[in-house]
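Participant: return a 3D structure for these sequence lines:
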Amino acid sequence: MQPTLADIYAAAKVIRGVADATPLVPSPFMSDKAGAEFLLKLENMQPIGAFKLRGAYNAVAGVQDAKGVTCCSTGNHGRGVAFAARERGIRAVICMSELVPRAKVDGIRALGAEVAIKGQSQDDALAESHRLMVEEGLVEVSPFDDPLVISGQGTIGLEILQSRPDVTTLLVPLSGGGLAAGVARAAKSINPDIRVVGITMDRGAAMYESIKAGHPVEVPEVASLADSLGGGIGMQNRLSFPMCRDLLDEVVLVSEQEIYHAMQVLYYEDRIVAEGACVVGLAAVLTGKVAVDGPTATIITGRNLDMPTFTRIMTGQDVQLGDTIVKGKAYAA
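Facilitator: So this is what the prediction gives:
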């Protein structure tokens, strides 16, 4: 069963005091560029530095009589599961591919979880998580295709509309779809006329390609400045794919160069250190790929980034992404 608004309200009670009530602040610079008030939901202020704590905490709270939990992750979901498992006093094994930045791996280990590095893709990491579930009896917590995870992420939509019921457009970073599905379900249940746009990078965008194909498809996983948007959606996806397909008004793609510039904008104009995945909403507006006509909000999803790479971007240097180079450019508004 797909999560309902009632499930999202229930999740809000579970996470209360732990993973809720992050700030919603205006960006004067982006408001000027957008021609409408532009709001930033600061999920980078979560205890683990990312929104994923909401869904992970809600899901792990529901685990009963298990030897522990496992998941596959590009970083932030793993942090959330590790944090929640530590709070519960249970074992956590986080499965990750070799593409995940070292900073995210170290952050998860610091929370007391075990880390299993497997292969060159999220699919490889997911296979290891499945093995741990079958062979060791751990409960698998999907990063996106789980009703409790989706409900937890949906609490962001609740908080935005509780604070600003006049918001007309939500710009949501899109990967496996747990965030977009939950936020869209909450927002459209409260205001059916609200516009929800999923935004992702233009290379390795699994949900975009799946929606276009009409069913889940596999895509090559490549290095990206928006690394936490990478990975597949699962060929047996039963929740986040149909919800994103049915609830998102559109999906927009942005390039690595556009993400690079938007990261500079967020830092130099709003003084916020954040991952590349956080700024895709800014990039879509700055490039004219999304036009807005009323109060607009986007989600600054996390701050768990590789700081040497961040420093290169802020100082206008080139960034190597696998076999691709993102050309550097000094910031100019």
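
Participant: below-threshold pLDDT in this protein: ranges please.
Facilitator: Within the chain, no range satisfies pLDDT under 70.

Participant: which SS state does V217 fall under?
Facilitator: The three-state label for V217, taken from DSSP: H, G, I helix; E, B strand; the rest coil, comes out as coil.

Participant: dump the residue contacts of it.
Facilitator: Counting by CB atoms under 8 Å, 6 or more residues apart in numbering, V217 makes contact with 206, 209-210. For every residue, glycine as well, the C-beta is placed using N, CA and C.

Participant: got JSON lines for these, with neighbour count too?
Facilitator: Shown next, in JSON lines, are those (neighbours: other CB atoms under 10 Å):
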{"residue": "A206", "neighbour count": "28"}
{"residue": "E209", "neighbour count": "16"}
{"residue": "S210", "neighbour count": "24"}
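
Participant: with secondary structure and distance to P28 added, can I get those in JSON lines?
Facilitator: Putting those into JSON lines (DSSP: H, G, I helix; E, B strand; the rest coil; distance: CB to CB, whole Å) gives the following:
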{"residue": "A206", "secondary structure": "helix", "distance to P28": "35"}
{"residue": "E209", "secondary structure": "helix", "distance to P28": "36"}
{"residue": "S210", "secondary structure": "helix", "distance to P28": "37"}
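
Participant: isn't A34 up against T296?
Facilitator: Yes. Contact criterion CB atoms under 8 Å: A34 and T296 qualify, at 6.2 Å.

Participant: any idea how far apart the tips of stretch 197-212 sit?
Facilitator: Using CA to CA, to the nearest Å, the end-to-end distance of stretch 197-212 comes to 15 Å.

Participant: and stretch 288-300, by the same measure?
Facilitator: 19 Å.

Participant: what sits against A92?
Facilitator: Residues near A92 by CB under 8 Å, 6+ apart: 68-70, 81-82, 85-86, 112-114.

Participant: just the residues you listed now: which is nearest G232?
Facilitator: T70 (17.4 Å; CB to CB).

Participant: what about that closest one, how many residues nearby?
Facilitator: As a burial measure, T70 scores 30 neighbours (other CB atoms under 10 Å).

Participant: bridging residues for it?
Facilitator: For T70, the beta-bridge partners under DSSP bridges are V93, E140.

Participant: give the buried residues for stretch 161-173.
Facilitator: By neighbour count on 16 or more other CB atoms under 10 Å, the buried set for stretch 161-173 is 161, 164, 167-173.

Participant: among those, name the ones in strands.
Facilitator: 169-173 (DSSP state E).

Participant: now, which of these sits nearest Q2?
Facilitator: V172 (17.0 Å).
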